[in-house]
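Undergrad: The following block contains a protein sequence and its predicted model.
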Amino acid sequence: MITYGSVTQRAMERAMLGVSLRDQIKNVEIRRRTRVTDIAQRVAKLKWQWAGHIVRRKDGRLGPKVLEWQPRTGKRSVGWPPTRWTYDIKRVAGSWIQAAQNRGTWNSLQKTYVQQWTSIG
(Lines give C-alpha, C1' and ligand atoms only; values in the text may rest on other atoms or scores of the structure.)
Protein backbone atom coordinates (compact mmCIF):
# COMPACT_ATOMS: atom_id res chain seq x y z
CA MET A 1 0.00 0.00 0.00
CA ILE A 2 1.26 3.47 -0.83
CA THR A 3 1.06 5.98 1.99
CA TYR A 4 1.53 9.72 1.94
CA GLY A 5 4.79 9.26 3.83
CA SER A 6 6.18 6.91 1.19
CA VAL A 7 5.10 9.25 -1.63
CA THR A 8 6.82 12.15 0.10
CA GLN A 9 9.93 10.09 0.73
CA ARG A 10 10.12 9.03 -2.92
CA ALA A 11 9.74 12.66 -4.02
CA MET A 12 12.62 13.66 -1.73
CA GLU A 13 14.78 10.84 -3.04
CA ARG A 14 14.07 11.87 -6.64
CA ALA A 15 15.03 15.45 -5.73
CA MET A 16 18.29 14.18 -4.20
CA LEU A 17 19.10 12.41 -7.46
CA GLY A 18 17.89 15.23 -9.69
CA VAL A 19 15.40 13.04 -11.56
CA SER A 20 11.71 13.63 -12.25
CA LEU A 21 8.71 11.37 -12.61
CA ARG A 22 8.98 11.80 -16.38
CA ASP A 23 12.31 9.97 -16.33
CA GLN A 24 10.31 6.83 -15.36
CA ILE A 25 12.95 5.40 -13.07
CA LYS A 26 11.60 2.57 -10.93
CA ASN A 27 11.32 3.06 -7.18
CA VAL A 28 13.63 0.10 -6.59
CA GLU A 29 16.33 1.78 -8.65
CA ILE A 30 15.86 5.10 -6.83
CA ARG A 31 16.16 3.31 -3.47
CA ARG A 32 19.28 1.49 -4.67
CA ARG A 33 20.93 4.74 -5.74
CA THR A 34 20.10 6.75 -2.63
CA ARG A 35 20.57 3.90 -0.11
CA VAL A 36 18.02 5.61 2.15
CA THR A 37 16.05 3.53 4.68
CA ASP A 38 12.30 3.34 4.13
CA ILE A 39 10.83 5.59 6.82
CA ALA A 40 7.73 3.42 7.34
CA GLN A 41 9.88 0.37 8.07
CA ARG A 42 12.10 2.38 10.42
CA VAL A 43 9.13 3.73 12.37
CA ALA A 44 7.57 0.26 12.66
CA LYS A 45 10.85 -1.23 13.91
CA LEU A 46 11.30 1.52 16.51
CA LYS A 47 7.71 1.15 17.71
CA TRP A 48 8.18 -2.61 18.14
CA GLN A 49 11.44 -2.16 20.03
CA TRP A 50 9.97 0.54 22.27
CA ALA A 51 6.94 -1.61 23.14
CA GLY A 52 9.20 -4.48 24.20
CA HIS A 53 11.38 -2.14 26.21
CA ILE A 54 8.44 -0.61 28.09
CA VAL A 55 6.84 -3.97 28.90
CA ARG A 56 10.09 -5.43 30.27
CA ARG A 57 10.63 -2.53 32.69
CA LYS A 58 10.49 -3.50 36.33
CA ASP A 59 11.31 -0.14 37.95
CA GLY A 60 7.72 0.77 38.90
CA ARG A 61 7.13 3.43 36.24
CA LEU A 62 3.72 3.96 34.69
CA GLY A 63 4.62 2.71 31.17
CA PRO A 64 3.44 -0.91 31.47
CA LYS A 65 0.38 0.11 33.48
CA VAL A 66 -0.68 2.67 30.88
CA LEU A 67 -0.43 0.07 28.09
CA GLU A 68 -3.00 -2.11 29.86
CA TRP A 69 -5.27 0.76 30.93
CA GLN A 70 -8.86 0.81 29.60
CA PRO A 71 -9.99 4.42 30.11
CA ARG A 72 -13.52 4.31 28.71
CA THR A 73 -16.45 3.91 31.06
CA GLY A 74 -20.12 4.29 30.35
CA LYS A 75 -21.57 4.77 26.88
CA ARG A 76 -19.21 4.81 23.93
CA SER A 77 -19.36 7.42 21.21
CA VAL A 78 -21.00 6.78 17.83
CA GLY A 79 -18.91 5.17 15.10
CA TRP A 80 -15.84 2.97 15.20
CA PRO A 81 -14.34 2.33 18.61
CA PRO A 82 -11.08 4.19 19.17
CA THR A 83 -8.02 2.29 18.01
CA ARG A 84 -5.40 1.67 20.61
CA TRP A 85 -1.68 1.87 20.07
CA THR A 86 -1.28 -1.82 20.84
CA TYR A 87 -3.90 -3.29 18.48
CA ASP A 88 -1.52 -3.85 15.59
CA ILE A 89 1.08 -5.35 17.94
CA LYS A 90 -1.55 -7.79 19.26
CA ARG A 91 -2.31 -8.93 15.69
CA VAL A 92 1.25 -10.19 15.34
CA ALA A 93 2.15 -11.32 18.85
CA GLY A 94 -1.20 -12.24 20.42
CA SER A 95 -0.52 -12.01 24.13
CA TRP A 96 2.31 -9.64 23.38
CA ILE A 97 3.06 -8.63 26.97
CA GLN A 98 4.15 -12.21 27.74
CA ALA A 99 5.93 -12.52 24.38
CA ALA A 100 7.97 -9.37 25.06
CA GLN A 101 9.40 -10.87 28.25
CA ASN A 102 11.46 -13.28 26.12
CA ARG A 103 13.79 -11.17 23.98
CA GLY A 104 14.46 -14.00 21.53
CA THR A 105 10.77 -14.53 20.82
CA TRP A 106 10.16 -10.79 20.68
CA ASN A 107 13.00 -10.17 18.22
CA SER A 108 11.88 -13.05 15.99
CA LEU A 109 8.41 -11.47 15.66
CA GLN A 110 9.80 -8.05 14.75
CA LYS A 111 10.28 -8.74 11.03
CA THR A 112 6.71 -10.02 10.72
CA TYR A 113 5.40 -6.92 12.48
CA VAL A 114 7.39 -4.52 10.29
CA GLN A 115 6.19 -6.21 7.10
CA GLN A 116 2.57 -6.19 8.26
CA TRP A 117 2.68 -2.61 9.55
CA THR A 118 4.22 -1.22 6.37
CA SER A 119 1.78 -3.12 4.12
CA ILE A 120 -1.22 -1.71 6.04
CA GLY A 121 0.10 1.83 5.87
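TA: Ah, there it is. Numbering: from 1, shown residues only.

Undergrad: in what helix or strand does residue 91 lie?
TA: helix 87-93 (DSSP states H and E).

Undergrad: Output the below-cut-off pLDDT ranges for the protein.
TA: When residues are selected by pLDDT under 70, those of the chain lie in 1-5, 68-76, 118-121.

Undergrad: Which residue ranges make up the domains of it?
TA: Annotated domains of the chain cover 4-34, 39-66+83-120 [automatic domain parsing].

Undergrad: The residue most central in space within the chain: helix or strand, and which one exactly?
TA: The chain has residue 44 as the residue nearest its centroid, 2.4 Å off, counting by Cα atoms, centre = their mean. Following DSSP H and E, one finds residue 44 within helix 39-56.

Undergrad: helices and strands around the next helix or strand after that helix, which ones?
TA: Counting by DSSP H and E, the next helix or strand C-terminal to helix 39-56 is helix 63-68. Here helix 63-68 touches helix 39-56, helix 96-101, going by 3 or more Cβ pairs under 8 Å, 6 or more residues apart in numbering; DSSP states H and E. In this view, the C-beta of every residue, glycine as well, is placed from N, C-alpha and C.

Undergrad: for the ones you listed, which one sits closest to residue 83?
TA: Between residue 83 and the helices and strands packed on helix 63-68, the shortest separation by Cβ to Cβ is 13.9 Å, and it involves helix 39-56.

Undergrad: Reformat the helices and strands packed on helix 63-68 as CSV; add distance to residue 16.
TA: Shown next, in CSV, are these (distance: least, Cβ to Cβ, whole Å):
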stretch, distance to residue 16
helix 39-56, 14
helix 96-101, 37
